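Peer 1: structure for the following, please:
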Amino acid sequence: MRGRGAMSGIRGRGFGGRVRRLLRHEGRWLASLVWWVARRRVGVPVGARALPYAGAQAAMLYGLAFVFVVETVGVSVLLRDTPWLHAVMLVVDVYTVLMVLGSQAAAVTRPHVVGADGVVLRDGARMTVRIPLERIASVRYDLRFGRSAREAGAKDGGARDDGTLELAVGGQTSVTLELAEPVVAVRLLGRRETVRTVRFHADDARGAVRAVREAMEAVSVVGGVGGAEAVTGVAGADGAAAPVTPATPVTPA
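Peer 2: Just a heads-up that it's a prediction; the model follows:
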């Protein structure tokens, strides 16, 4: 009995966690509508570069929103003699239109970001993956269409069992990151995946590749300067490098 009770508690917490994640997701895309109208972006610090990706899906989502608006008008006419059902369907239809627009708003206001701390990749309001620059082994322009990208876009977060994460937009990815060390990606419902290769889309894919490479080079230069200072010492007041005095070994008593 105790074992069954414990198992039920675990399942309950798991279900409750998923519900909370879904509610937070709803809150994020609803808030994105406000940021979209205000023409503001989320999580793009000063000095960082934003990499938009919403352009590839804009036409499709705007088309869906238009179709749903037409459907709302048609259903309202058909149900005008049934007020209670008309009210219910009106709420459902308006929510559907907002959800479609919220998906686009989340993509617009939550772009990918390249900064000094690393690369932040997003899938609208559904998923965020943070990759430190030192973990990126290579980045390249890699345009992919077809089954792989479409399936990744349809899955919960786009993670696959082979260690590849695909953040497809409009059925395509255009940039591939190969990681020297894996990162953990958390799906919408909380499942964790170990990722070694990341494929994502950017409206300016070649510009995104350049931005990531420049950030990687900047980190390498800083690391090289730091290493050189550790070897040559700190410059004195006259500009000459002060000699480095070796540390005196400590002899155990």
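Peer 1: make it CA atoms for all contacts and neighbour counts henceforth
Peer 2: Noted.
Peer 1: could I get the phi/psi values of the most centrally placed residue in the chain?
Peer 2: Residue closest to the average C-alpha location in the chain (Cα atoms, centre = their mean): residue 122, at 1.4 Å. The phi/psi pair for residue 122 (degrees, to the nearest 10) reads phi -130, psi 150.
Peer 1: please apply the same query to residue 142.
Peer 2: The phi/psi pair for residue 142 (degrees, to the nearest 10) is phi -150, psi 80.
Peer 1: ranking helices and strands of the protein by mean pLDDT, which lands last?
Peer 2: Least confident helix or strand, the chain: helix 147-154 with a mean of 50, by mean pLDDT, DSSP states H and E.
Peer 1: with only the CA atoms kept, save the helix or strand following that one in PDB.
Peer 2: Sequence order places strand 164-167 as the next helix or strand after helix 147-154, per DSSP states H and E. Provided in PDB are the C-alpha atoms of strand 164-167 (Å, rounded to 0.1, in the frame of the first residue of the first chain):
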ATOM      1  CA  THR A 164      20.800  16.500 -32.100                       C
ATOM      2  CA  LEU A 165      18.500  19.400 -31.300                       C
ATOM      3  CA  GLU A 166      16.700  20.900 -34.300                       C
ATOM      4  CA  LEU A 167      14.800  24.200 -33.800                       C
END
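Peer 1: list the buried ones in whichever helix or strand comes after strand 164-167?
Peer 2: For strand 164-167, the following helix or strand on the C-terminal side (DSSP H and E) is strand 172-186. Going by neighbour count (16 or more other Cα atoms under 10 Å), the buried part of strand 172-186 is 172, 173, 174, 175, 176, 177, 178, 179, 182, 183, 185, 186.
Peer 1: what's the following helix or strand past strand 172-186 packed up against?
Peer 2: Downstream of strand 172-186, the first helix or strand assigned by DSSP H and E is strand 192-200. If you count contacts as 3 or more Cα pairs under 8 Å, 6 or more residues apart in numbering; DSSP states H and E, strand 192-200 packs onto strand 164-167, strand 172-186.
Peer 1: contacts for strand 192-200?
Peer 2: Identification of contacts with strand 192-200 by Cα atoms under 8 Å, 6 or more residues apart in numbering yields 121, 159, 163-169, 173-187.
Peer 1: please redo it, this time with the cut-off set to 7 Å
Peer 2: 159, 163-168, 173-179, 181-186 (Cα atoms under 7 Å, 6 or more residues apart in numbering).
Peer 1: including distance to residue 128, could the buried residues of strand 172-186 go into CSV?
Peer 2: Shown next, in CSV, are the buried residues of strand 172-186 (distance: Cα to Cα, whole Å):
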residue, distance to residue 128
172, 18
173, 16
174, 18
175, 16
176, 16
177, 15
178, 18
179, 17
182, 15
183, 12
185, 8
186, 8
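Peer 1: look up how far residue 139 lies from the residue nearest to residue 138 when sequence neighbours are not counted.
Peer 2: Counting by Cα to Cα, 6 or more residues apart in numbering, residue 138 lies nearest to residue 178, which is 5.2 Å off, once chain neighbours are set aside. Per Cα to Cα, to the nearest Å, residue 178 is found 6 Å from residue 139.
Peer 1: name the SS class of residue 144, please.
Peer 2: Following DSSP: H, G, I helix; E, B strand; the rest coil, we place residue 144 in the strand state.
Peer 1: show the contacting residues for it.
Peer 2: 172, 173, 174.
Peer 1: can you tell me the closest non-neighbouring residue to the first one?
Peer 2: For residue 172, ignoring the flanking residues on the chain, the nearest one in space by Cα to Cα, 6+ apart is residue 145 at 4.8 Å.
Peer 1: one step back: quick check: the residue nearest to the centre of the chain touching residue 130?
Peer 2: No - assessed by Cα atoms under 7 Å, residue 122 is found out of contact with residue 130, at 8.8 Å.
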